[in-house]
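Enquirer: Below: sequence and its predicted model.
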Amino acid sequence: MFSTVRYFVKTSIIFLIVGILTGFYMLIAQNILKTGFTQDIISAHTHIILVGSIIMMIMGVALWFFPRAEKTDKRYNPNIIWTSYWMMTIATSLRYIFQIAASFTEFESSGLMITFASFFQALGVILFFYSMWGRIRPIGSHIREAKGEEF
């Protein structure tokens, strides 16, 4: 497993732990403290797990398992992959922080900051899969399919 994949996978695990701890806080707030929680915490919890953990794990595993880029592939670029990693990591972290802050304070521009971070999450995913597009191709399975084998 090469370093870019390890970064995606380990960051994914860190986001999962943060999401689990956030969920645990939500349980304590609701069931023990009886204070409840805001929609912002629900959204922060959901996005740190779904985007930060699940999507980044998918990205890392795709980078690891998909066939190498062909020499003629003009889209695949390791620098784009690194850029998408940093965009996803920073944007997901900021979105989480802004949403948690918005749930506890009257931060007037939190909506704008959350939207800004979300835009960069989406852009990170789009850049990643733009660069990976040529690596999504058959390696041997098209030959077996031509012989009539079904999967």
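Expert: Sure, I can see it. Numbers count the residues shown, from 1 in each chain.
Enquirer: Just the element for Tyr85, please.
Expert: Of the helices and strands defined by DSSP states H and E, Tyr85 is found in helix 78-104.
Enquirer: now the helices: where do they sit in the protein?
Expert: 3-31, 39-47, 56-65, 78-104, 110-132, 141-146 (DSSP state H).
Enquirer: what residue ranges in this protein score low on pLDDT?
Expert: For the chain, the stretches with pLDDT under 70 are 140, 142-143, 151.
Enquirer: Gly111: neighbour count?
Expert: Counted with other Cβ atoms under 10 Å, the neighbours of Gly111 add up to 13. Heads up, the C-betas are built off the backbone N, CA and C, glycines and all.
Enquirer: how close does it get to Ser118?
Expert: In this view, Gly111 and Ser118 are 10 Å apart by Cβ to Cβ, to the nearest Å.
Enquirer: quick revisit: same list, the helices of the chain, but as CSV with distance to Thr72 please.
Expert: Formatted as CSV, those follow (distance: least, Cβ to Cβ, whole Å):
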stretch, distance to Thr72
helix 3-31, 22
helix 39-47, 37
helix 56-65, 20
helix 78-104, 16
helix 110-132, 15
helix 141-146, 18
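Enquirer: thinking again about what came up before, and the helix holding Tyr85, what's buried?
Expert: With burial defined by 16 or more other Cβ atoms under 10 Å, the residues of helix 78-104 counted as buried are 81, 83-85, 87-89, 91-96, 98-100, 102-103.
Enquirer: mind listing what the nearest residue to Val9 once chain neighbours are set aside touches?
Expert: Nearest residue to Val9, sequence neighbours excluded (Cβ to Cβ, 6 or more residues apart in numbering): Gly60, at 4.4 Å. With contacts defined as Cβ atoms under 8 Å, 6 or more residues apart in numbering, Gly60 is in contact with Thr4, Val5, Arg6, Tyr7, Phe8, Val9, Ser12.
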